[in-house]
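In: Dropping the sequence and predicted coords here.
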Amino acid sequence: MNLEWLKTGIGPLKDLLAYLNKEARTTDVLKKQVIRELRNNLNIFQNAFLNNVSPDIMIDMLSNEAIKDAIKNNFKFKKVKAGNIEPYHIHDERNKKYMGWDAEKLIDKIDEKIEEMKNIKKMNGNNVEKAENNISLMLSNLYYRMKLLADFIRAER
């Protein structure tokens, strides 16, 4: 699979990852887990790009367990970041459709996409190579949603 679409998003990722690492130092265990999971998932994309890793391995490595745990514990995702996504949070044109969303809605879509790709992989004999779905586009959409969430968390306002 071609990960060329990641070239444009990899540059600012180092700063975002460093910020998320700092932000994960909180006494709120569930918030910490959700932010760490976001950071780790973004790291998977970065390292998959650098090492030309297959989508099957990427999908296996992506995690949404912290999100599931937070939901089970009735975590209020506004603790991750209060407010709504505004135009100044959006650094990628393709993310304009998420303007007005809050952290909870965006995290829900991230969780949904990870689950969907894991299920597609299972349905296709643990290999997405012959899946009818556009896995490259799905991974791309997931990456840019996660990057938007990180940008939103990092924003001053």
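Out: Yes, it's here. Numbers count the residues shown, from 1 in each chain.
In: Need the pLDDT of residue 52.
Out: On pLDDT, residue 52 comes in at 89.
In: low-confidence ranges in the chain?
Out: By pLDDT under 70, the low-scoring segments of the chain are 1-27, 157.
In: Just name whatever secondary elements the top helix by length along it is in contact with.
Out: Ranked by number of residues, the top helix in the chain under DSSP state H is helix 29-51. Contacts defined by 3 or more C-beta pairs under 8 Å, 6 or more residues apart in numbering; DSSP states H and E place helix 29-51 against helix 7-10, helix 13-23, helix 55-61, helix 65-72, helix 135-154. To be clear about C-beta, it is placed using only N, CA and C from the backbone, and glycine gets the same treatment.
In: Could you export it as CSV, CA atoms only?
Out: As requested, C-alpha coordinates have been extracted for helix 29-51 and formatted as CSV (Å, rounded to 0.1, in the frame of the first residue of the first chain):
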residue,chain,number,x,y,z
VAL,A,29,-6.2,8.2,34.6
LEU,A,30,-8.7,7.9,31.8
LYS,A,31,-7.7,11.2,30.2
LYS,A,32,-4.1,10.1,30.4
GLN,A,33,-4.9,6.7,28.7
VAL,A,34,-6.9,8.3,25.9
ILE,A,35,-4.1,10.9,25.1
ARG,A,36,-1.4,8.2,25.3
GLU,A,37,-3.4,6.0,22.9
LEU,A,38,-3.8,8.9,20.5
ARG,A,39,0.0,9.5,20.7
ASN,A,40,0.8,5.9,20.2
ASN,A,41,-1.5,5.6,17.2
LEU,A,42,0.0,8.6,15.6
ASN,A,43,3.4,7.1,16.2
ILE,A,44,2.3,3.9,14.4
PHE,A,45,1.4,6.0,11.3
GLN,A,46,4.8,7.8,11.4
ASN,A,47,6.8,4.6,11.8
ALA,A,48,4.7,2.7,9.3
PHE,A,49,5.5,5.5,6.7
LEU,A,50,9.2,5.4,7.5
ASN,A,51,9.4,1.6,7.4
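In: Could you find the residue nearest the spatial middle of this protein?
Out: Most central in the chain under C-alpha atoms, centre = their mean is residue 146, positioned 2.9 Å from the mean C-alpha point.
In: Regarding the residue lying farthest from the centre of the chain, what is its secondary structure?
Out: The centre of the chain is farthest from one residue, residue 125, which by C-alpha atoms, centre = their mean lies 24.7 Å away. The three-state label given to residue 125 by DSSP: H, G, I helix; E, B strand; the rest coil is coil.
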